[in-house]
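Chemist: Generate coordinates for the sequence data below:
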Amino acid sequence: MFDAILHVPPFNVRLRSSFAAVRRHVQAFYPQAMRPDDGDVFIDFDIQVLPGRGLRKVWRPQARFLLDGAEPFFPLPAAQAAPMFEWGMNWCVAQRPMGWLVMHGAVLARDGAALVMPGFPGAGKSTLCASLAFIEGWRLLSDELTVLDPADGLLLPHPRPISLKNHSIDVVAAFPGAQLGPIYRDTRKGTITHAACPPASMARAAERARAAWMVFPRFEAGASLQIERLSRVEAFTLISEQSFNGERMGAPGFEALCAMFDHVSCHELVYGSTDAGLEGIRRICAS
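Modeler: Model (predicted):
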């Protein structure tokens with residue numbers, strides 16, 4: 001049984017699993033995250049990834065995700081145990097931290113200024129995020145989750161592997177410095193894999209950033225580059241749709257999001273290739 005304490009900023013996670021694939025995944029993507037179990041670490045998420053019960057241990061074997069002993073969603077095929085850990089972590093962060101506003105979006109930073117790219121399905125967010133991290137040298141705060149602290153209005157780093165799917169896998173595999181893990185086929189998201197977070201981003205995981213740009217990307221194969229400025233009202237409405245816990249936070253979350261927009265330039269970006277997407281980001285962030 002693999003049993004480890006992981007510091008995945010800003011959270012501490014206890015992970016137990018009998019799946020060798022989960023152990024290999026953690027050792028490959030979280031080598032600096034492991035902490036000694038000295039009994040003094042506060043655990044935010046107590047996670048187990050375990051085999052199915054009864055016949056499901058041997059016949060069409062399954063993997064189950066448990067948080068604090070409870071099973072919040074249905075099992076998956078055992079071959080998907082490692083990505084199940086990543087999906088389960090996303091669920092934990094989205095559902096549990098009541099003190100921070102959590103939204104679905106990638107976050108990268110440069111010189112303390114953050115770029116937020118909300119995560120609408122099929123928008124090409126993860127590919128563009130990986131392009132900025134590996135090609136342009138932006139610091140990756142998160143590929144999936146935008147975490148805003150109402151106390152200071154800053155975005156918290158939550159650096160983890162970048163989730164890639166389908167055609168984006170071959171694109172990112174060619175990026176300099178990109179390290180990809182095993183490929184998982186026939187998942188609920190299609191064919192997926194993960195790219196390791198750049199070491200430089202992991203090393204600076206304690207550095208918060210202030211949102212400066214919000215870009216809603218949309219990849220359309222063959223499309224010409226289009227950049228359109230959005231009003232703060234339009235952008236606020238769109239990002240609110242991507243908030244996981246805004247309703248639960250109530251007024252503090254609403255006020256924190258309003259305050260964030262005091263410093264943010266908002267745009268919609270349509271692009272037909274990785275190079276065009278990067279050029280669009282350069283133009284937006286230079287203005």
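Chemist: quick one: Thr146 is in a helix?
Modeler: No - using DSSP: H, G, I helix; E, B strand; the rest coil, the secondary structure at Thr146 is strand, not a helix.
Chemist: And it, what's its pLDDT?
Modeler: As predicted, Thr146 sits at a pLDDT of 96.
Chemist: Next: Leu55.
Modeler: With respect to pLDDT, Leu55 has a value of 68.
Chemist: Pro159 too?
Modeler: For Pro159, pLDDT reads 95.
Chemist: Longest helix in the chain, please.
Modeler: helix 81-95 (DSSP state H).
Chemist: Now that one: average pLDDT?
Modeler: If you average the pLDDT over helix 81-95, you get 96.
Chemist: do the same with stretch 131-139
Modeler: The model assigns stretch 131-139 a mean pLDDT of 97.
Chemist: Distance from that stretch to the middle of the chain?
Modeler: Remark: stretch 131-139 is offset 15 Å from the chain centroid, using Cα atoms, centre = their mean, to the nearest Å.
Chemist: Between the two ends of that stretch, what distance do you get?
Modeler: Terminal residues of stretch 131-139 lie 11 Å apart, using Cα to Cα, to the nearest Å.
Chemist: can you pull the buried residues of that stretch?
Modeler: Across stretch 131-139, burial judged by 16 or more other Cβ atoms under 10 Å covers 131-135, 138-139. For glycine as for every other residue, the C-beta is placed from the backbone atoms N, C-alpha and C.
Chemist: do the same with stretch 139-154
Modeler: 139-150, 153-154.
Chemist: Need the residues that contact stretch 13-29.
Modeler: Applying Cβ atoms under 8 Å, 6 or more residues apart in numbering, the contact partners of stretch 13-29 are 1-7, 33-34, 43-51, 63, 78-79, 81-82, 85, 89, 160-161, 181-182, 194, 196-197.
Chemist: Select only the buried ones of those residues in ChimeraX?
Modeler: Filtering these down to the buried ones (16+ other Cβ under 10 Å) takes a single ChimeraX command:
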select :4,5,6,7,33,44,45,47,48,49,50,51,63,78,79,81,82,85,89,160,161,181,194,196,197
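Chemist: coming back round to it: save the buried residues of stretch 131-139 as TSV, and put in distance to Arg210 and secondary structure too.
Modeler: Putting those into TSV (distance: Cβ to Cβ, whole Å; DSSP: H, G, I helix; E, B strand; the rest coil) gives the following:
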residue	distance to Arg210	secondary structure
Ser131	23	helix
Leu132	17	helix
Ala133	19	helix
Phe134	24	helix
Ile135	24	coil
Trp138	15	coil
Arg139	13	strand
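Chemist: any idea which of those residues is closest to Ser240?
Modeler: Distance to Ser240 across the buried residues of stretch 131-139 (Cβ to Cβ) is lowest for Leu132, with 24.2 Å.
Chemist: now do the same end-to-end measure for stretch 209-229.
Modeler: Note: stretch 209-229 ends 22 Å apart using Cα to Cα.
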